[in-house]
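J.: Here's my sequence, what's the structure:
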Amino acid sequence: MSKTTLAIIAGISAAAGAATSAAILFSRPEKKSLPTAIASPAPTSVPVPAYPTPLKDIVPPVNPNGLFQYGFPGPVSDLHPTLSTTSAFDRRTRNPAWVAEHITPASLAVNNADRKHSYFVEDINVPAKFRANLSDYFRSGYDRGHQVPAADAKWSQDALDQTFLLSNMCPQVGDGFNRDYWAHFEDFCRRLTNNYPSIRIVTGPLYLPKRDPEDGKWKVSYEVIGNPPNVSVPTHFYKVIFAEDGKTGGNVSLGAFVLPNAPIANDKPLQDFEVPIEAVERASGLEFAAKLPAQRRKKLCEEVHCTVIVRDYMERQKNLMGQAPGKRSISGP
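T.: Modelled structure (predicted):
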């Protein structure tokens, strides 16, 4: 990947090892600077329109806010805390906008739950006309992909059960992604607890543009599953990782990754999917670290080895917690 530009892979199979059809959305920041697409200089002055009468003295003949007597149109994010997650639901796509979790060495060491007792369920906290339904996924060709994995909530059966709410799911490609590279990536996040006492992770979907080969224009295109069509299929997924050193006011190692919702070869380096956190913010319309001072920020992949460990799918089903590696290296057992 170029040192001067950052390509977010759009609509391709990473298993093919190709980087074609890349959507170059953000410039890679230079040292101590933000991406040029984000850090455009502000104008030195903003022209103020001249009105014949001061605005404070104008009594308008209309009242647009009168609409609110019938209800607030939204958008409504359906903020929903559970034992193991906190999430905001996107009613338009029937997917979460983001799901946050917190894992520690202690939380992962407890095994009081078994996923064979858990079932996928619709989230009744979301109004019926906006929620994802179990029937939407039936014969869709996509997995019900956990945003917060069940393996991160084995400290309680109730906590694990709540990760099976459809508000914690997005349609994900199964073979080669949800059951493979994405699962290896989740294991990478758990192994970070061998190096840090506290890990916070935000996960969610993205709907990124790709260039139309016919007219050269950038367009957003994604499938919608269900009958009638109900749940949007993301083109990509992101994870933003906050690895905390455990000290009050201490350092936080940040890592942001964007992966295509497509098969990815197991030998693909994880750092190929690393992006600036500002890139995820711009693509998602969210902010993740606005209150984290620059002097407390570290770069995760400069602190540890950002690599995945490939395990057979059936082996991982038997041992969802994975193996914890030695200090300061999470590249292998």
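J.: So for residue 111, what's the nearest residue that isn't a sequence neighbour?
T.: residue 154 (5.1 Å; Cβ to Cβ, 6 or more residues apart in numbering). Every C-beta, even on glycine, is put in place using the N, C-alpha and C of the backbone.
J.: What's the local residue count around the one you found?
T.: 23 (other Cβ atoms under 10 Å).
J.: Spit out the contact partners of residue 242.
T.: When the contact criterion is Cβ atoms under 8 Å, 6 or more residues apart in numbering, the partners of residue 242 are 199-201, 252-254, 289.
J.: Rebuild those as JSON lines, extending it with secondary structure.
T.: Formatted as JSON lines, those follow (DSSP: H, G, I helix; E, B strand; the rest coil):
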{"residue": "199", "secondary structure": "strand"}
{"residue": "200", "secondary structure": "strand"}
{"residue": "201", "secondary structure": "strand"}
{"residue": "252", "secondary structure": "strand"}
{"residue": "253", "secondary structure": "strand"}
{"residue": "254", "secondary structure": "strand"}
{"residue": "289", "secondary structure": "coil"}
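J.: before we move on, back to that, so the residue nearest to residue 111 touches residue 190, yeah?
T.: No. Taking contacts as Cβ atoms under 8 Å, residue 154 lies outside contact range of residue 190: 10.7 Å.
J.: Roughly how far does residue 306 sit from residue 92?
T.: Distance of residue 306 to residue 92, computed by Cβ to Cβ, to the nearest Å: 33 Å.
J.: okay, those two: which has more neighbours?
T.: The neighbour count for residue 306 versus residue 92, taken as other Cβ under 10 Å, is higher for residue 306 (23 against 11).
J.: In this structure the more buried one contacts residue 191, no?
T.: No. With contacts defined as Cβ under 8 Å, residue 306 does not count as touching residue 191, sitting 10.8 Å away.
J.: re earlier: how near is the residue nearest to residue 111 to residue 205?
T.: Applying Cβ to Cβ, the value for residue 154 to residue 205 is 25 Å.
J.: same question, residue 285
T.: Going from residue 285 to residue 205 by Cβ to Cβ gives 12 Å.
J.: Likewise for residue 158?
T.: Residue 158 is 26 Å from residue 205, where distance means Cβ to Cβ.
J.: what about these two, which has more around it?
T.: More neighbours surround residue 205 than the other of residue 158 and residue 205, with 26 against 14 (other Cβ under 10 Å).
J.: close enough to count as contact, the more buried one and residue 93?
T.: Yes. Assessed by Cβ under 8 Å, residue 205 is found in contact with residue 93 at 7.3 Å.
J.: what's the neighbour count on residue 290?
T.: Look at residue 290: counted by other Cβ under 10 Å, it has 6 neighbours.
J.: same deal with residue 63?
T.: 8.
J.: Before we move on, what's the pLDDT of it?
T.: The model reports residue 63 with a pLDDT of 94.
J.: Residue 157 too?
T.: At residue 157, pLDDT is 97.
J.: measure the closest residue to it other than its chain neighbours to residue 84 for me?
T.: Leaving aside its sequence neighbours, residue 157 sits nearest to residue 113 (Cβ to Cβ, 6+ apart; 4.1 Å). To residue 84, residue 113 is 10 Å away according to Cβ to Cβ.
J.: what's the overlap in contacts for those two?
T.: Listed as contacting both residue 113 and residue 84 by Cβ under 8 Å, 6+ apart are 153, 156, 159-160.
J.: Would you list the buried entries among the residues you listed?
T.: Taking 16 or more other Cβ atoms under 10 Å as the criterion, what is buried in the shared contacts of residue 113 and residue 84 is 153, 159-160.
J.: Return, as residue ranges, the portions of this protein with sub-threshold pLDDT.
T.: The chain contains residues with pLDDT under 70 at 1-53, 312-333.
J.: Could you rerun that using 50?
T.: Residue ranges of the chain with pLDDT under 50: 1-5, 7-41, 320-333.
J.: Go ahead and measure how far the longest helix along the chain is from the middle of the chain.
T.: Ordering each helix of the chain by length in residues (DSSP state H) puts helix 182-191 first. Here helix 182-191 shows a centroid-to-chain-centroid distance of 14 Å under the convention Cα atoms, centre = their mean, to the nearest Å.
J.: repeat for stretch 225-240
T.: Here stretch 225-240 is found 12 Å from its chain centre; the criterion is Cα atoms, centre = their mean.
J.: now the end-to-end length of it.
T.: 27 Å (Cα to Cα, to the nearest Å).
J.: How about the secondary structure of residue 238?
T.: When classified by three-state DSSP, residue 238 comes out as strand.
J.: so what's it up against?
T.: Residue 238 sits next to 203-206, 256-259, 280, 283-284 when contact means Cβ under 8 Å, 6+ apart.
J.: mind redoing it with 10 Å?
T.: 8, 98, 202-206, 256-259, 273, 275, 277, 279-281, 283-284, 286, 288 (Cβ atoms under 10 Å, 6 or more residues apart in numbering).
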